[in-house]
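Engineer: just a sequence and a predicted model for now, questions to come.
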Amino acid sequence: MATLEKIRSKSTLLLIVVGAALLAFIIGDFFTSGRTLFGTGTTIAKVGKEKIDIQEFQRRYEEVNQQYQQQNTKMDPAALQQYVLNQMIQERLINKEIEDLGIEVTDNELSKAMLGPNAHYAMIQFAQQM
């Protein structure tokens, strides 16, 4: 009974502590839910100054997932997500390096690489089917 009397006498303090804890929980959830003070966060990764958007990642993930399903290959979804993200990061890094080096490929060079004497066998077969 004495304990209940102590709690009743300090009910205002208890209410303040519970309210502060609840407020801290709400604020913590707000900052970790992917939202910012200026709207929803849609960036999944950053490569230098370039961002990888969540919608772009999801679109690419679905494409790769469908390819694996068509091949009847099962892959862990988390591993597939990591694979897709790593692939997108590598593309950004390679494109940045190409841009920094000033490398450009003309249409003529691309055609020669695809259909010329040193073309890959699969590309020649593909071109013949069209």
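Structural biologist: Looks like it came in fine.
Engineer: list the contacts of Asn108.
Structural biologist: By C-beta atoms under 8 Å, 6 or more residues apart in numbering, no residues touch Asn108. Quick note: C-beta positions are derived from backbone N, CA and C, even for glycine.
Engineer: tell me how far Asp53 lies from Leu85.
Structural biologist: Distance of Asp53 to Leu85, computed by C-beta to C-beta, to the nearest Å: 12 Å.
Engineer: now stretch 89-96: mean pLDDT?
Structural biologist: Averaging the model's pLDDT scores along stretch 89-96 yields 94.
Engineer: thinking again about what came up before, overlap of the contact sets of Asp53 and Leu85?
Structural biologist: Residues touching both Asp53 and Leu85 by C-beta under 8 Å, 6+ apart: Ile44.
Engineer: more neighbours, these two?
Structural biologist: Leu85 (16 against 13; other C-beta atoms under 10 Å).
Engineer: that one: which element?
Structural biologist: helix 77-101 (DSSP states H and E).
Engineer: how about the secondary structure of the spatially most central residue of the chain?
Structural biologist: With distances taken as C-alpha atoms, centre = their mean, Ile44 lies nearest the centre of the chain, 3.8 Å away. Of the three states, Ile44 takes strand according to DSSP: H, G, I helix; E, B strand; the rest coil.
Engineer: quick check, it in contact with Gln55.
Structural biologist: No. Using C-beta atoms under 8 Å, Ile44 makes no contact with Gln55, being 9.4 Å away.
Engineer: give me the low-pLDDT residue ranges for this protein?
Structural biologist: 1, 30-41, 130 (pLDDT under 70).
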